[in-house]
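# Build me a model:
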Amino acid sequence: MSAANTMDNDRKMTSIFERYLTVWVGLCIVGGIALGKVAPDLARTLDSMAISVNGAPVVSIPIAICLFFMMYPIMVKIDFAEVLKAGKSIKPVGLTLVINWLIKPFTMYAISLFFLGTVFYQFIGPEVTDLVKMPLGANLAVGDTYGVGTVVLSDGIKMLEVPLWRSYLAGCILLGIAPCTAMVLVWGFLSKGNDGHTLVMVAINSLAMLFLYGPLGGFLLGVGKLPVPWQALLLSISIYVALPLIAGFLSRKWIIAHKGLDWFKEKFLHVLTPITIMALLATLVLLFSFKGKTILENPLTILWIAVPLFIQTVLIFILGYVMSKGLKLTYEDAAPSAMIGASNHFEVAIATATMLFGLSSGAALATVVGVLIEVPVMLMLVKVCLKTQHWFRTDPIQPLAHE
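Now for the predicted structure:
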């Protein structure tokens, strides 16, 4: 058996964090709920350490730091030189752009609106409301309306009171406009896809996110009657995508130039991994410390959110996989092309939801449910890929080019 075949047959999820992500999130739920009871003011105090505009908190400094360390390690792994190879893969590149930016955001909105606003509407509660942050730059008085929200005073701070189901909808929208550029590397690897092709898709979608995330998010949130000023989305993209992307690009280039590619991969990235994990888990614990009461009072809350997310994930995967077959892609390109659309960039979604609506919002909770179902659903789709390899023509997987 060749070395390449041996590598393919031995492809496994080696990271304990990646393999048991659902378990980690479950522990964060328990830990967060416990923290909310033992120290109910801790998370609120941390979230209140914020940069404010017109008396309304906009950027929570502790959360911004946590979220930066969630995003930077993802961005520093991306080799944007791989984008230059995209010219050789017009079909898969076009496919991923169409699915991720012309189809996926709108199917996510439609599916989430149907389930949260119709099927589960009575279960969530027609009269149940959520308090979210005031829109950036909006100088509104108490009692004013904004979208479907009403400005109220909570603990001396202006907040927007909105229907809870619409807050969940906002979180789903933010997940739908964030194609995965992190865990998809794992899913493509496990499905025996072309790793080089996956890196190209990651780089292209990261760049596309800079220009399309804001306009698409603003449009769909506005349609969902939770309008967000373009300045808020621009600030969110700048802090949580552009800043770590630029920092990742510059530091990657400098480290490789001075230490070499092997040191970068074997030493530097291994140091970053536990920092990323701690930042993500700390953010989730704080979030669940806010929402623990909601979950305990209505434990099926997570299910109401998970159902549309699950259906969306499977639908987008099927579309990507079937379209790949129609375009006559090889299996090695088809699998990651379908995976990148099905999987969500939950780090960006959590960051944006936290900044726009607040750590205690239903929108932030909805993005975390995306994390909760990510691993089991995507592992299921990996198995589907592996069992249907014979549907596609196959090519030997090419080794990644070294810098």
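# rest of the way, CA atoms for contacts and neighbours
Will do.
# which ones are touching the residue nearest the centre of the chain?
With distances taken as Cα atoms, centre = their mean, F346 lies nearest the centre of the chain, 1.7 Å away. Neighbour list for F346: L175, A178, C180, T367, V368, G370, V371 [criterion: Cα atoms under 8 Å, 6 or more residues apart in numbering].
# C172 versus the fifth one, what's the distance?
For V368, the distance to C172 equals 10 Å [Cα to Cα, to the nearest Å].
# Those two: which has the busier surroundings?
Taking neighbours as other Cα atoms under 10 Å, V368 and C172 compare with C172 leading, 31 against 28.
# now G362: how far from V132?
For G362 relative to V132 (Cα to Cα), the value is 8 Å.
# Please apply the same query to L207.
29 Å.
# Mind checking which of the two has more residues around it?
Legend: neighbour count by other Cα under 10 Å for L207 and V132, higher for V132 (26 against 15).
# which stretches of the stretch 51-200 of the chain form strands?
Taking DSSP state E, counting those that start in this stretch, the strands of the stretch 51-200 of the chain run over residues 56-60, 129-132, 145-146, 149-154, 157-163.
# what's the average pLDDT for the last one?
With pLDDT averaged residue by residue, strand 157-163 scores 89.
# got it, and the shortest one?
Within the predicted structure, the mean pLDDT of strand 145-146 is 89.
# Adjacent strands (with direction) for it?
Strand pairing for strand 145-146, using DSSP bridges, gives strand 149-154 (antiparallel).
# so how far is the strand it pairs with off the chain centroid?
Distance of strand 149-154 from the chain centroid (Cα atoms, centre = their mean, to the nearest Å) equals 28 Å.
# again with stretch 117-126
Remark: stretch 117-126 is offset 25 Å from the chain centroid, using Cα atoms, centre = their mean.
# So for that stretch, what gets flagged as buried?
Residues of stretch 117-126 classed as buried: G117, F120, Y121, I124 (neighbour count, 16 or more other Cα atoms under 10 Å).
# Columns pLDDT and distance to L185 on top of these, output as a markdown table?
Below are those laid out as a markdown table (pLDDT from 0 to 100; distance: Cα to Cα, whole Å):
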| residue | pLDDT | distance to L185 |
| --- | --- | --- |
| G117 | 95 | 34 |
| F120 | 95 | 34 |
| Y121 | 94 | 36 |
| I124 | 91 | 35 |
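# How many residues are close by H258?
Other residues close to H258 by other Cα under 10 Å number 10.
# again with the one 10 residues further on
Applying the criterion other Cα under 10 Å, we find 16 residues in the vicinity of F268.
# coming back round to it: widest-spaced pair of the contacts of F346?
Farthest pair in the contacts of F346 (Cα to Cα) is C180 and V368. Separation: 14.5 Å.
# Out of the buried residues of stretch 117-126, name the ones that lie in helices.
Among the buried residues of stretch 117-126, DSSP state H puts Y121, I124 in helices.
# what's the farthest-apart pair in the buried residues of stretch 117-126?
Across the buried residues of stretch 117-126 (Cα to Cα), the longest gap, 9.2 Å, separates G117 and I124.
# list residues touching both of those two?
Common neighbours of G117 and I124, using Cα under 8 Å, 6+ apart, are W165.
# so what pLDDT did G94 get?
For G94, pLDDT reads 87.
# Against N100, how distant is it?
On the measure of Cα to Cα, G94 and N100 end up 10 Å apart.
# For the stretch 251-400 of the chain, just list every one of the helices.
Counting by DSSP state H, counting those that start in this stretch, one finds helices in the stretch 251-400 of the chain at the ranges 261-263, 269-297, 301-326, 331-342, 346-357, 362-387.
# Figure out how far the longest one is from the centre of its chain.
Taking the mean C-alpha point of helix 269-297 and that of its whole chain, the gap between them comes to 14 Å (Cα atoms, centre = their mean).
# picking that back up, in TSV: the contacts of F346, plus pLDDT and distance to M75.
Converted to TSV, the contacts of F346 look like this (pLDDT from 0 to 100; distance: Cα to Cα, whole Å):
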residue	pLDDT	distance to M75
L175	93	18
A178	85	14
C180	79	12
T367	90	20
V368	84	20
G370	86	20
V371	80	19
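# and V142, which of the helices of the stretch 251-400 of the chain is closest to it?
Once the helices of the stretch 251-400 of the chain are compared by Cα to Cα, helix 346-357 is nearest, at 17.5 Å.
# list the contacts for the residue nearest to T96 when sequence neighbours are not counted?
Once flanking residues are discounted, T96 sits nearest to S337: 6.0 Å by Cα to Cα, 6 or more residues apart in numbering. By Cα under 8 Å, 6+ apart, the contact set of S337 is P92, L95, T96, T198, M201, G320, Y321, S324.
# switch the cut-off to 10 Å
If you count contacts by Cα atoms under 10 Å, 6 or more residues apart in numbering, S337 has them with 92-93, 95-97, 99, 184, 188, 193-194, 197-198, 201, 317, 320-321, 323-324, 329, 331.
# And it, how far from V38?
Counting by Cα to Cα - S337 and V38 are separated by 45 Å.
# unless I'm mixing things up, L235 is touching M355, no?
Yes: counting by Cα atoms under 10 Å, L235 touches M355, with 9.2 Å between them.
# What is the neighbour count of I318?
As a burial measure, I318 scores 17 neighbours (other Cα under 10 Å).
# likewise I103?
By the criterion of other Cα under 10 Å, I103 has 16 neighbours.
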